[in-house]
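> predicted structure and sequence below. I'll ask about it afterward.
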Amino acid sequence: MAAISDFSNLLQIVLGKSGKTGGAAYTGTFNPQQTDRTLTLPGYQEHLTDIFASRGADDSRTLIRNLIKTDPDMSATVNSYLTLANTEPMILVRDLEGQIDKEATKDLLKAIKLLTAQVDYTLGFQNKRSLSSLCEEMRYMILLRGAIGTELILDKALAPTDLRMVDMSSIRWYEKKPGEYKPVQEIQGGAGGSNEISLDIPTFFVSFYRRDPTAIYTYSPFISAINTIAARQQVINDLYRIMQKTGYPRMDVAVVEEVLLKSVPAAIKADQTATREWMNLRLNEVRGAIEGIRADQAFVHFDSVTPSIINDKSPGVGINIDNVIETLNAQNQAGLKTMSTVIGRGAAGINTGSVEARIAAMNADELNQPLAETLTKMFSFILHQTGYQGFAEVTFAKAELRPDLELETMRALKSARLRQDLSDGIITDMEYHLQMYGRMPPDGAPDLSGTGFMTPAPAGGIDASKASPNGDPLGRSLSPAGSKQSSSNATPAQKAKLTLSFDV
């Protein structure tokens, strides 16, 4: 233990070269060759893309990005992850001994406010996002790329001013030593013919979400759902074609050829070719009249035309695809790593739904782990730039599906338990406030740890020899004067006065 203590005393924060003013990395929408032009407006035609046809041309990163927008199951899964994982962060500062530093925490929160609030209005429009919005963008990047890449932007005074999200699909890694990776970013049309930007800077932070330990590059957690989504898309396309042919009742119109021949003009009856052309024209006229008719319109015709329905008895029994769709849905759910209850397919009862909801909440909590790691690194860098010898600590509250009013009873039980521990000195005031309210105690709050405020004071001792059933005024007033039925603690003067009152 002494060696560990000596190491803590010797530990010093070594500050390297700060990042580039204004940031070094590029965003996914920045093109250095077209800074004077507006960004390309999307065509908003993604809904027309058929993944079964496009997956051969696009890589998995492009497919995942499009499917999050267009596929119902993947879109619902991403939305549920972002909703469940949207919990409040708790930001603390601890010194090298592991103790919470209240004043340093206040200073860090002020610095974080400068990252999320516009203070220099001479710069015009600034896309300052709140900490909650920044966390949501990071969660989205985890689901999209399997990793987070963020650069801390510094101003001319080397003070933090913004956070820049970096698309990890543009990051390439060099490994010049075993286990020592250095990132670069590929850009479009770099200056001087170079298309790489070195991000070997202390203001660039990366965290991974369940990365394969044998590789540095990551994949989206939804990569396993692509083939299932494509298979389901093919089945749906086939289903559409089947429904158009056999799924709906189809009208059958028969034109009596004998009646039609009797109506052929006399001038062309002798010419078989002209007669056939005339009859084809009449068929086209009937077809044109029938094809545009609505179900609520009357169909008026001569007796030479006989309409009917081909599959009027059982139009939908051509094929049963329920089992096929259920199998694809189950595979799709497994590939998306979500629960059927979350995406609206739960049908196994309330108990199964409760278990699935609990698992979904646990998955959302795991999504916050790399996010907390990134923010911890970033906020620790801000502290170290000021010379502080310590580290930041960022944690997120657990995802909770129950309504707030339903949790009040549980909070009351937790508060009673923690208050007793606080009274007995088992926990500190800081720990109590962090566990109950997720924040430090307010200024001026009394220190209650170990004061025993929850333990009732012991009752005072009673001298049994001096106890008397008539020690109260009511008992003495009911006792006759001079009676020896009970003893009294009254003084002689009080006894004389009491006797006089009875004699009167």
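Nice, thanks for sending it over. Numbers count the residues shown, from 1 in each chain.

> domain parsing for the protein?
For the chain, the structural domains run 18-48+85-222+353-396, 251-309, 405-457, 468-503, going by automatic domain parsing.

> do you know which of the ones you listed lies nearest V324?
When the domains of the chain are compared by C-beta to C-beta, domain 18-48+85-222+353-396 sits nearest V324, at 22.0 Å. C-beta coordinates here come from the backbone N, C-alpha and C atoms, glycine included.

> sorry, back to before: pick the most buried one from the domains of the chain.
domain 18-48+85-222+353-396 (a mean of 16; mean count of other C-beta atoms under 10 Å).

> quick one on the thing from earlier: in CSV: the domains of the chain, plus distance to S54 and mean pLDDT.
CSV is the format used below for these (distance: least, C-beta to C-beta, whole Å; pLDDT from 0 to 100):
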stretch, distance to S54, mean pLDDT
domain 18-48+85-222+353-396, 10, 87
domain 251-309, 33, 77
domain 405-457, 45, 88
domain 468-503, 95, 56
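
> which of the ones you listed sits closest to R55?
Closest of these to R55 is domain 18-48+85-222+353-396, at 13.6 Å (criterion: C-beta to C-beta).

> what's the helix or strand for Y240?
Taking DSSP states H and E as the definition, Y240 sits inside helix 226-242.

> closest to L328 out of the domains of the chain?
domain 18-48+85-222+353-396 (15.5 Å).

> and the lengthiest helix in the chain, how far from the chain's centre?
Assignment by DSSP state H gives helix 350-385 as the longest helix of the chain. Between the centre of helix 350-385 and the centre of its chain there are 9 Å (C-alpha atoms, centre = their mean, to the nearest Å).

> the following helix or strand past that helix packs against which elements?
Counting by DSSP H and E, the next helix or strand C-terminal to helix 350-385 is strand 390-396. Using 3 or more C-beta pairs under 8 Å, 6 or more residues apart in numbering; DSSP states H and E as the contact test, the elements touching strand 390-396 are strand 89-95, helix 350-385.

> send me strand 390-396 as PDB with only the CA atoms.
C-alpha atoms of strand 390-396 as PDB (Å, rounded to 0.1, in the frame of the first residue of the first chain):
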ATOM      1  CA  GLY A 390      -7.200  14.800 -11.200                       C
ATOM      2  CA  PHE A 391      -9.700  13.200 -13.600                       C
ATOM      3  CA  ALA A 392     -13.300  13.700 -14.600                       C
ATOM      4  CA  GLU A 393     -15.900  11.000 -14.200                       C
ATOM      5  CA  VAL A 394     -19.000  10.800 -16.300                       C
ATOM      6  CA  THR A 395     -21.800   8.300 -15.700                       C
ATOM      7  CA  PHE A 396     -25.300   8.000 -17.000                       C
END
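
> re earlier: packing partners for the helix holding Y240?
Applying 3+ C-beta pairs under 8 Å, 6+ apart, we find helix 226-242 packed against helix 51-54, helix 60-70, helix 322-336.

> out of the ones you listed, which is the most enclosed?
Of the helices and strands packed on helix 226-242, helix 60-70 is the most buried (mean count of other C-beta under 10 Å), at a mean of 18.

> and that helix, what other elements does it pack with?
With contacts defined as 3+ C-beta pairs under 8 Å, 6+ apart, helix 60-70 has these neighbours: helix 51-54, helix 72-84, helix 131-145, helix 226-242.

> alpha carbons only: can I get the longest one in CSV?
Once side chains and other backbone atoms are set aside, the C-alpha atoms of helix 226-242 remain, and they are given as CSV (Å, rounded to 0.1, in the frame of the first residue of the first chain):
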residue,chain,number,x,y,z
ILE,A,226,-28.7,-6.8,-44.0
ASN,A,227,-29.1,-10.3,-45.5
THR,A,228,-32.4,-10.9,-43.6
ILE,A,229,-33.8,-7.5,-44.7
ALA,A,230,-32.8,-8.2,-48.3
ALA,A,231,-34.5,-11.7,-48.1
ARG,A,232,-37.6,-10.2,-46.6
GLN,A,233,-37.7,-7.5,-49.3
GLN,A,234,-37.5,-10.2,-52.0
VAL,A,235,-40.4,-12.1,-50.4
ILE,A,236,-42.5,-8.9,-50.2
ASN,A,237,-41.7,-8.1,-53.9
ASP,A,238,-42.8,-11.6,-54.9
LEU,A,239,-45.9,-11.1,-52.7
TYR,A,240,-46.9,-8.0,-54.5
ARG,A,241,-46.6,-9.8,-57.9
ILE,A,242,-48.7,-12.7,-56.6
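
> ends of stretch 433-445, how far apart?
End-to-end distance for stretch 433-445, by C-alpha to C-alpha, to the nearest Å: 11 Å.

> now do that stretch: everything it contacts.
Contact with stretch 433-445 is made by 88, 90, 92, 100, 102, 105, 397, 411, 414-415, 418, 427, 429-430, 432, as judged by C-beta atoms under 8 Å, 6 or more residues apart in numbering.

> off-centre distance for that stretch?
So, by C-alpha atoms, centre = their mean, the centroid of stretch 433-445 is 26 Å from its chain's centroid.

> also stretch 439-449?
Worked out by C-alpha atoms, centre = their mean, stretch 439-449 lies 32 Å from the chain centre.

> start to end distance for it?
Taking C-alpha to C-alpha, stretch 439-449 runs 17 Å from one end to the other.

> so what's K269 closest to, chain neighbours aside?
The shortest distance from K269 to any non-neighbouring residue, by C-beta to C-beta, 6 or more residues apart in numbering, is to T275 (6.4 Å).

> and the one you found, what does it touch?
With contact set as C-beta under 8 Å, 6+ apart, T275 has these partners: 261, 264, 268-269.

> can you redo these as TSV with distance to N66 and secondary structure?
Listed next are the contacts of T275 as TSV, based on distance: C-beta to C-beta, whole Å; DSSP: H, G, I helix; E, B strand; the rest coil:
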residue	distance to N66	secondary structure
L261	59	helix
V264	59	coil
I268	60	coil
K269	63	coil
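
> returning to what we had before: and whichever helix or strand comes after the helix holding Y240, what does it pack against?
Per DSSP H and E, helix 226-242 leads on to strand 251-255 as the next helix or strand towards the C-terminus. In terms of contacts (3+ C-beta pairs under 8 Å, 6+ apart), strand 251-255 is packed against helix 272-291, strand 305-309.

> returning to what we had before: in TSV, list the helices and strands packed on helix 226-242 along with mean pLDDT and distance to D167.
Shown next, in TSV, are the helices and strands packed on helix 226-242 (pLDDT from 0 to 100; distance: least, C-beta to C-beta, whole Å):
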stretch	mean pLDDT	distance to D167
helix 51-54	73	20
helix 60-70	89	9
helix 322-336	74	22
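
> for these, could you give me TSV that also reports distance to T21?
Listed next are those as TSV, based on distance: least, C-beta to C-beta, whole Å:
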stretch	distance to T21
helix 51-54	42
helix 60-70	31
helix 322-336	42
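
> so which of the helices and strands packed on strand 251-255 is nearest T122?
So among the helices and strands packed on strand 251-255, helix 272-291 is nearest, using C-beta to C-beta, at 67.0 Å.

> coming back round to it: mind checking how far the residue nearest to K269 is from G288?
21 Å (C-beta to C-beta, to the nearest Å).

> ditto for M440
Using C-beta to C-beta, one gets 80 Å for the distance from M440 to G288.

> L144 too?
Distance from L144 to G288, by C-beta to C-beta: 51 Å.

> likewise I268?
22 Å.

> picking that back up, among the helices and strands packed on strand 251-255, which comes closest to Q118?
The minimum distance between Q118 and those falls on helix 272-291, with 61.7 Å, by C-beta to C-beta.

> returning to what we had before: distance to S449 added to the helices and strands packed on helix 60-70, as TSV?
Output for the helices and strands packed on helix 60-70, formatted as TSV (distance: least, C-beta to C-beta, whole Å):
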stretch	distance to S449
helix 51-54	60
helix 72-84	35
helix 131-145	31
helix 226-242	55
